[in-house]
Structure formats: C-alpha cells, structure tokens
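Student: pasting the sequence and the predicted coordinates here, then a few questions.
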Amino acid sequence: MDHYEDEDLARAIALSLQESKPDVIDLVDSDEDEDAGFQAQLKQALEASKAEASSRSRAPTGSASRQDQKSQAQAQPQPQPQSQPPTTGMSAFLSERAQLEKERRERQKRLRPEAAVEDRFVGDEEEDEEPELKEPPAKSERGKAPSRAGFAWVPTGEQFWNGEMRQTATQGAEPRRDGRPSFRLTEVLGNRSEMAFAIMSSYSLDFAWIYQFFDPTVPVIMVAQPDASGRASLKNVLPNWIKATPLLRGGRGCMHMKFMLLFYKTGRLRVVISTGNLVAYDWRDMENTVWLQDLPLRAKPIPHDPKAPQDFPTLMQGVLHSLNVQAALRTMIIDNHPDLPLKSIEELRTLWDWSNVKVHLVASLAGRHEGWPNVIKTGHPRIMQVVRAMGLRTGKGMGAKELVVECQGSSIGTYTTQWMNEFHWSARGESAEDWLDESKKRREKLPYPPIKIVFPTKTTVQQSRLGEQGGGTLFCRRRQWAAKNFPRDRFHDSRSRGGPVLMHSKMMIATKKETSKGKQAQDSDTEDDSGDEVQVVEPAIGWAYVGSHNFTPSAWGTLSGSAFNPVLNISNFEIGIIFPLRDKEHADSISCFERPPRKYGPGDEPWMQEESIYHQENAAD
C-alpha cells in the first residue's frame, strides 16, 4: 500500500470511528474516559491497518487490489453503536464497513439521478477510477461531499506579499474565458511540507475531504457551525485537529465565515478570505473568490497594545475571540503542541508585520450590539467606517453623489425598502444617526435605493454546465419573490466571466457618480474611533467587497434604537474585505460577473431550487 492509499485508509477508519458516536468529544465538559477510549480505538485501528498493509506487501498472491483498497478507503460508513466495538480483527472491521458503504451507495443510486461530473478541480488531482456521480448537494447536505480517492500533490512556493485576488478554478471554465489566472485549493494552501499550523473556518464542512490536504502531524483548529443548541464547544475530531464552535444564542443564525490563517515553518503567515466552503463541490463545480496575502514575521515583536486602532489585525483578533479560538489554542498547547507559532490571539498583531495589507477587514459578529462604539465595528455600519477611511464618502444634500451598488450572492434575503435604504446609507459612508430617529412609517414610504441584486435566472442555471442539478446551493424562494413590494425590478442576471458555470461568490461593486454640484456634507460625530487612516491617494470611483456575506439582513444586521443609542442585531458570523476601485476598468477586471449585469426581462424569474425536480428533497431545508 503506497503513501496515499495508507492515508486514505486511515481517513476512512477515522471517519468511521468518528461517525460511531454522535459528536465525538466535547473538550469543555465531556467524559475524559470517552476521549481516551476513542483515541485508543483510533490508534489501534491505524496500527492494525499499517500491519495489514505490511503483510500484504510481503505476500506475492492473494493481496487486495489497488482499486479495492481505494474503494475501501473512500467508504463513508453508517454509524455503529459504540458499545459494540469490532471483535473479529481489523480485516473484518473494514470488510463490514465496506459492505455498509456499498449498500449505502446502491440506495443513493436508486434515489438520486446521476450527473456526468468529473472530480478533478480541487487541486491538480488525477483520478484512476471512474468517479461516483451525484447531484450537487443542497446547502444542508454540502458537508457530505464525496470523499476523494487520492490526489497528486502539486506543491507551490509562490508567495503574495502584496495580496492577490482570483476566482477559483472551476470545472467547465478552465482556462477561463476572460483569460484571468485562477486559484486551486493546493495553491491557496501552499507547500504542504512547509505547513506548521492552521486556523480555518467554514460553514459547510467535510473533514475527511479537507484532512487529506494536510500532513497528519500538522495541528489544525477548525471553526464550524455549532449544533442546534448553538452552544460554544471544543471537540477533537481528528488526530491533531480541534473543532471550535462559537455561541449562537438560541441556536439561531449561522457561523458563515470562510477564512484561513496558515502558519508556515519559515515564519510566514498567509491570510486567506474566501467565499468557498471546505467541501469538494465548492472547489470544483462552483466558482468562488479568494483573496490572500502573505505576511512576514516582524524583525522584533512589538508590545501588546490593548488600545490599538481598529485595523485589520485588531479586528481579526476580535473575530477569533468571538469564535472560541482562544480556548482551542489553549487546549491544543496544553495537550500536544506546546510549540505552536501562535500561542495567544494577541500575538497575531505583535509577531507579524501587517503594514503592507491595504484592504480593510469587515466582519459581522452574531448578537446584539448596543452603542456607537460597538455598532460601528461590525455589520454594515463597519462599511460606513471603511468607506470614510478610504475617502469615498458620497456626502448628503445638494453635493451628494449617487452610489450604485451591484450585489452578487448565492442567497436572496427578505428585502424591504427600509432595510435596503439602511444598508445603502452605510454603503455611502453616511451615519445611521441621520435617520434613526425618523418614524418607521416614513421610512416605509421611501423608494428603493440604486441597488442591483445580481442573481442567476432560471434560464441561466439551466444553460450552465451542470444545468438544474448544479443549482443546489443557490437560494431564492417563491414566497420571497412573490411578496408584496419586493424589489423585483432590481434583479439582474448573474453570469460568470469565466465560462458557463454558476457562482458561489459573494461580491459587491459600488461605484459613484456626480448628481449635482455643491459642497460635500461635514462629517458626523460617529466618524471617531474608526482606526483606519484614509489610504486613497488617487481619486477612486468606488469600492468592492468580497467575502462570506450574502446581501441579506441576517448577514449585515438590522439597526434600531435611537441616534443617541443605536442597537444592531446580527444573526450570522461573516467576514470579508473591502478595497477601493481606481476606475471602471479596475471594477470590470475584478468583477466575477459580467458587467454591466443584464436586468431581468419579461418572463425572467430567479432560479428557485425548490421548484426543480432535482431538489425537491431539499425544498424544506
């Protein structure tokens, strides 16, 4: 058995043992004996698999074929009661698991149509067996993407000290029609042998799939969606891997962030903000967007400053604290990894040099935020602060400039004119204190602002490479579309510049134009404490956003309260970046969708997966 087959078998065993219990191990309040038992069982399984591999390599005949080993390694077995551990040896154990997997796949073939989709676009992988073909999973099923049989690792030492943003390589659109370079996951992660530690975050998640991209000895903290209770927790899920979940009050909302902090043995830190989940489907069949930048170690650490400005590293530290990462760090250091390159979250600022990072971090932290100092750090009020820091405030009154915002996403929200004007006011760099004391009735009568909602029509989905089967992770419901006063006239078709593929990217292109001449309005009191210095030197036409936020109230928050004491309620944890746009050519070049987006015409409707025969099982999710 070669190296990759051994990894595959180990991964299958680990997943098998993991699935034999509801949630593996809770490091916060679980039974230590259960932890020890699981680790001992896992160790025994791995040692037994290696022993069997060794014996088979010595036997001239009667050994399992390479193909059989791969099929066995790919198994995603059915849960078995933990009270009934295997008693007939590892061969019988694996044989039973393989049989259960075979039965599961036969059931799936009866229930699900097959789609001709190859599985080659996550890295530079090579398949030497025919892939299992399934319909793309719905959002609630995306963590169950099929495991990989193996891959040919292509290490890359390319580094991006000035930052780089690209679309991901997508099957069916590679090379891209627009000629732009793209990222594969192996390129984002870099040289596997150089990795020392990683902190990652994803909403949908396939541990068995992402695990194979790392050396098994590398410690990883994975931030993920909590269970239905919404309780913060820590869990050992794989050797050297801890899953951390943040608190979601009442179990409502999503931990929807998608980022990576990759620490290398050379001391380099790579910061990654992505729109893709850590499942094969998002890195193969759906186009996503990735921004990343490499940071060097400081020549000399700087002292911790509790009053540091609210810039990228400070806000990133706040994000990590809110996600329960500090507890995961502490646990990992105490248990097995005392030499982690990051021992406390505050070292993120003190040890690495962030001076060359020019983009602005924008995060949404789930919960209730009260008072201006707290409100302006998160959600759409944070956009207001960033727009001012970039010198792109539109102004008010006679001197105002019109701002047109094009919002590309994978999920449609419940829109009202009140909320869209609330968001647009922040997008202009203007403070909510200008309108918070106005009556709701007056705000309900406002026209919709110049916002274009970019979402694929049903026809666009049908004409894409995977057709309707590929639309399982794009969400718009009939009840939203049919709602009274819904902004149907604001919808524009979403078409990738790369080719006939669907996009999971979340992106905003905001451009301004003069509407009248006059003096721009003076800054308001809420401009203080932004922490960002104005960075734009040459005039810019607007700004762009890339990250996990869909254009929804759940992602960006809803304001209430008064101009004196605002209250911001946010349902989700989200993260992204904003940067200025130099000119129209710059905006066109970074846009993932064709610009200008085509407005829906007569007979056009958005794609609604609930009305597709391929997604009826997911309509109620």
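Tutor: Right, received. Where do you want to start?
Student: tell me the contacts of residue 394?
Tutor: Residue 394 sits next to 400-403, 428-430, 512 when contact means C-beta atoms under 8 Å, 6 or more residues apart in numbering. Any C-beta I mention is one placed from the backbone N, CA and C, and that applies to glycine too.
Student: distance check, it against residue 425.
Tutor: 10 Å (C-beta to C-beta, to the nearest Å).
Student: and the end-to-end length of stretch 180-191?
Tutor: By C-alpha to C-alpha, to the nearest Å, the extent of stretch 180-191 from end to end equals 23 Å.
Student: how close does the residue most central in space within the chain get to residue 203?
Tutor: In the chain, the centroid-proximal residue (C-alpha atoms, centre = their mean) is residue 258; its distance is 2.6 Å. Distance, residue 258 to residue 203, using C-beta to C-beta: 7 Å.
Student: between the two, what contacts are shared?
Tutor: Joint contacts of residue 258 and residue 203 (C-beta under 8 Å, 6+ apart) are 277, 548.
Student: the nearest residue to residue 430 once chain neighbours are set aside: how many residues sit nearby?
Tutor: The spatially closest residue to residue 430, leaving aside those adjacent along the chain, is residue 396, at 6.3 Å (C-beta to C-beta, 6 or more residues apart in numbering). Residues lying near residue 396 (other C-beta atoms under 10 Å) number 16.
Student: now residue 587: how far from residue 348?
Tutor: Taking C-beta to C-beta, one finds residue 587 at 31 Å from residue 348.
Student: brain fart, residue 452
Tutor: 36 Å.
Student: could you look up the SS state of residue 208?
Tutor: helix (DSSP: H, G, I helix; E, B strand; the rest coil).
Student: let me fix that: residue 327
Tutor: On the basis of three-state DSSP, residue 327 is classed as helix.
Student: cool, residue 200 as well?
Tutor: Criterion first, three-state DSSP; result for residue 200: strand.
Student: residues near the nearest residue to it once chain neighbours are set aside, how many?
Tutor: Computed as C-beta to C-beta, 6+ apart, the closest residue to residue 200 that is not its neighbour in sequence is residue 260, at 4.7 Å. A count of neighbours around residue 260, defined by other C-beta under 10 Å, yields 19.
Student: please shift the residue numbers so they start at 47 in all later answers.
Tutor: Renumbered: residue one is now 47, and that last one reads residue 306.
Student: who's in contact with residue 306?
Tutor: Per C-beta under 8 Å, 6+ apart, neighbours of residue 306: 234-235, 244-247, 316-318, 320.
Student: ok, now with 10 Å
Tutor: Residues near residue 306 by C-beta atoms under 10 Å, 6 or more residues apart in numbering: 234-235, 244-248, 316-320, 324, 336, 338.
Student: cool, residue 345 as well?
Tutor: residue 399.
Student: so for residue 292, what's the nearest residue that isn't a sequence neighbour?
Tutor: residue 369 (4.6 Å).
Student: surely the residue nearest to residue 246 forms part of a helix?
Tutor: No - read with three-state DSSP, residue 306 is strand and lies in no helix.
Student: ok so, going back, can I get the buried part of the contacts of residue 440 as one ChimeraX selection?
Tutor: A single ChimeraX command selects the buried members of the contacts of residue 440 (16 or more other C-beta atoms under 10 Å):
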select :446,447,449,474,475,476,558
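Student: which of the contacts of residue 440 fall in strands?
Tutor: Residues of the contacts of residue 440 located in strands (DSSP state E): 447-449, 558.
Student: what helices or strands is the helix or strand that contains residue 465 leaning on?
Tutor: Using DSSP states H and E, residue 465 falls within helix 463-473. Here helix 463-473 touches helix 425-435, strand 447-454, helix 486-490, strand 497-500, strand 553-560, strand 588-593, helix 599-602, strand 604-607, going by 3 or more C-beta pairs under 10 Å, 6 or more residues apart in numbering; DSSP states H and E.
Student: how many residues are close by residue 382?
Tutor: For residue 382, using other C-beta under 10 Å, the count is 11.
Student: ok, it to residue 243 distance?
Tutor: 12 Å.
Student: tell me, what's touching these two both at once?
Tutor: Contacts common to residue 382 and residue 243, judged by C-beta under 10 Å, 6+ apart, are 265, 286.
Student: buried stuff in stretch 295-307?
Tutor: Those would be 299-307, for stretch 295-307 by 16+ other C-beta under 10 Å.
Student: for those residues, which one is nearest residue 482?
Tutor: The nearest member of the buried residues of stretch 295-307 to residue 482, counting by C-beta to C-beta, is residue 299 at 23.4 Å.
Student: any idea how far residue 641 lies from residue 373?
Tutor: Residue 641 sits 44 Å away from residue 373, going by C-beta to C-beta.
Student: try residue 517
Tutor: 38 Å.
Student: same deal with residue 631?
Tutor: Separation of residue 631 from residue 373 (C-beta to C-beta): 47 Å.
Student: more crowded one of those two?
Tutor: residue 373 (18 against 9).
Student: just give the nearest non-adjacent residue to the more buried one, would you?
Tutor: Leaving aside its chain neighbours, residue 373 sits nearest to residue 280 (5.9 Å; criterion: C-beta to C-beta, 6+ apart).
Student: quick check: bridge partners of that neighbour?
Tutor: With DSSP bridges applied, residue 280 shows beta-bridge pairing to residue 290.
Student: ok, now which ones touch residue 646?
Tutor: Neighbours of residue 646 in contact, by C-beta under 10 Å, 6+ apart: 499, 501, 503, 534-539, 652.
Student: buried members of the residues you listed into PyMOL, please.
Tutor: Remark: buried members of those, expressed as a PyMOL selection using 16+ other C-beta under 10 Å:
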select buried, resi 499+501+503+536+537+538+539+652
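Student: alright, calling it a day.
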